[in-house]
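Colleague: dropping the sequence and predicted coords here.
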Amino acid sequence: MELDIIKKEDPEVAKYIELELERQKNTIELIASENFTSKAVMAACGSVLTNKYAEGKPYKRFYNGCQNVDKIEELGVRRCCELFGCDHANLQPHSGAQANMAVFLYALNIGDTVMGMDLSNGGHLTHGSPVNFSGINYNIVSYGVNEEGVIDYDNVEKLALANKPKLIIAGASNYSRIIDFEKFSNIAKKVNAYLMVDIAHIAALVATGVHPSPVPYADFVTTTTHKTLRGPRGGIIMCKKEHAQGIDKAVFPGIQGGPLEHIIAAKAIALKEAMSSEFKQYAKQVVENSAYLASELINNGVDIVGGKSENHVMTLDLRKLGKTGKDVANLLEEVGITANKNTVPNDPQSPFVTSGVRIGTAATTTRGMKKEEMKEIASIIADAIFEKDSIENLKNRSYQLCKKFPLYEDM
Ligand SMILES: *Cc1c(COP(=O)(O)O)cnc(C)c1O
């Protein structure tokens with residue numbers, strides 16, 4: 001097995017990979033952006049394809065010996081177009097951030113106006129945060145959510161009319177409602193802006209029809225492949241035909257050198273897996289689990305931003321409890337649950353402290369957990385927050401759940 005090979009070569013690194021495997025097996029993963037890939041996906045990531053340089057596009061490479069990686073990348077692109085119904089796909093972006101950066105490079109000039117969702121309201125760094133390339137190089141106008149955690153579409157339109165952005169970005173890292181892509185598209189058309197939709201978080205829901213698709217509405221659809229989509233770490237750009245050449249050029253040579261063909265192979269495998277009826281069932285279960293987990297948390301006295309989840313993610317709103325996101329996320333780690341602190345709308349706390357904790361159901365659902373387990377997870381979280389059970393007992397309850405739904409059994 002791979003770990004034995006690493007152990008022989010480098011026991012120091014092997015030790016921590018082994019410990020990480022144990023951590024993943026024995027704790028409840030509620031980080032909304034994480035998942036557990038198949039062993040086939042991981043095997044492709046560790047394959048000989050990592051040795052190959054393949055700058056350029058399939059059949060138009062700057063290196064020789066690309067006949068096999070050409071076939072793999074072509075297959076991946078074809079699967080992506082079939083799964084999402086898009087005209088064109090580029091599987092080379094090393095990450096979601098790179099996918100977005102390439103769209104910016106293609107669609108904009110430095111200093112152009114871009115509208116995106118504010119980071120503290122659920123948007124992503126690459127949607128215009130002042131510390132990110134997007135906020136540094138472009139004129140950013142941010143929109144947000146109301147107290148119910150819902151995008152204020154009227155305000156988006158008002159801001160668009162007033163600021164005439166060249167690009168409008170829809171999509172988020174922490175938004176628990178269905179996004180109305182048609183509304184975004186109508187607003188973009190009114191001001192003659194490009195529409196980019198970033199489905200990094202909801203890719204699996206879009207792929208399976210559990211969430212409406214932005215593909216018919218958007219000029220560009222970007223995604224990560226490692227969140228709900230359950231593939232390797234990486235990014236994809238989908239776009240309309242007329243943008244295909246420009247987008248490909250923006251990725252390479254625009255912002256990247258050689259593509260990671262081992263990761264592209266793993267993306268192709270994940271895309272095949274995502275076409276299966278099992279995966280469709282998985283995506284449905286993710287959403288059911290999320291809605292139920294939200295309602296159970298509320299029943300246990302823990303507020304959820306907006307009072308419900310319509311996708312895979314929600315934010316615990318700790319303001320009324322007088323607790324911070326930082327403290328509760330650390331407390332959850334102590335009881336065997338991994339999550340991350342996150343701001344709530346109009347958060348009185350700093351981004352390092354916050355009044356919220358973001359949780360999601362993508363990873364636990366991959367383990368096979370359903371409503372009954374969501375009930376227990378909600379109960380563990382509430383019992384931890386309200387100190388109704390000892391840390392030791394809570395940790396054991398988390399561990400028992402993990403034992404019941406084993407992960408990577410023969411690893
Ligand atoms: C995660 C995420 C990204 C960035 O993905 P990385 O692979 O971490 O670079 C971009 N956009 C959104 C909305 C995300 O949630």
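Modeller: Sure, I can see it. Numbering: from 1, shown residues only.
Colleague: which residue, other than its chain neighbours, is closest to the residue in the chain positioned nearest to the ligand?
Modeller: Per Cβ to the nearest ligand atom, residue 96 is where the chain lies closest to the ligand, at 2.4 Å. For glycine as for every other residue, the C-beta is placed from the backbone atoms N, C-alpha and C. Leaving aside its sequence neighbours, residue 96 sits nearest to residue 224 (Cβ to Cβ, 6 or more residues apart in numbering; 3.8 Å).
Colleague: tell me how many other residues crowd the one you found.
Modeller: A count of neighbours around residue 224, defined by other Cβ atoms under 10 Å, yields 25.
Colleague: one more: the one 5 residues further on?
Modeller: Under the neighbour criterion other Cβ under 10 Å, residue 229 is assigned a count of 31.
Colleague: how much space between it and residue 263?
Modeller: Using Cβ to Cβ, to the nearest Å, residue 229 is found at 13 Å from residue 263.
Colleague: report pLDDT for the residue nearest to residue 96.
Modeller: On pLDDT, residue 224 comes in at 98.
Colleague: ditto for residue 1
Modeller: Looking at residue 1, its pLDDT reads 59.
Colleague: next one: the one 3 residues further on
Modeller: pLDDT, residue 4: 93.
Colleague: wasn't it part of a helix?
Modeller: Yes. Per DSSP: H, G, I helix; E, B strand; the rest coil, residue 4 lies within a helix segment.
Colleague: residues near the residue nearest to residue 294 when sequence neighbours are not counted, how many?
Modeller: Distance criterion Cβ to Cβ, 6+ apart; nearest residue to residue 294, sequence neighbours excluded, is residue 309 at 4.4 Å. Using other Cβ under 10 Å, residue 309 has 28 other residues around it.
Colleague: shouldn't residue 309 be within a helix?
Modeller: No. Under three-state DSSP, residue 309 falls outside any helix and is assigned coil.
Colleague: do you know how far it is from residue 158?
Modeller: Per Cβ to Cβ, residue 309 is found 28 Å from residue 158.
Colleague: ok, now residue 390?
Modeller: As judged by Cβ to Cβ, residue 390 and residue 158 stand 52 Å apart.
Colleague: which residues of this structure lie near the ligand?
Modeller: Contact residues (Cβ under 6 Å from any ligand atom) of the chain with the ligand: 33, 95-97, 100, 124, 126, 171-173, 198, 200-201, 224, 235.
Colleague: OK, contacts around the most centrally placed residue in the chain?
Modeller: Geometric centre of the chain, nearest residue: residue 201, 3.1 Å, by Cα atoms, centre = their mean. Residue 201 is in contact with 32, 33, 171, 172, 173, 175, 224, 227, 228, 311, 312, 313, counting by Cβ atoms under 8 Å, 6 or more residues apart in numbering.
Colleague: then residue 200?
Modeller: Per Cβ under 8 Å, 6+ apart, neighbours of residue 200: 33, 96, 124, 171, 173, 222, 223, 224, 227, 235.
Colleague: skip the chain neighbours and tell me the closest residue to the third one.
Modeller: Read that as residue 124. Nearest non-adjacent residue to residue 124, counting by Cβ to Cβ, 6+ apart: residue 173, 4.6 Å away.
Colleague: please enumerate the strands of the stretch 101-250 of the chain.
Modeller: Using DSSP state E, counting those that start in this stretch, the strands of the stretch 101-250 of the chain run over 113-117, 139-143, 167-170, 194-198, 220-224, 235-239.
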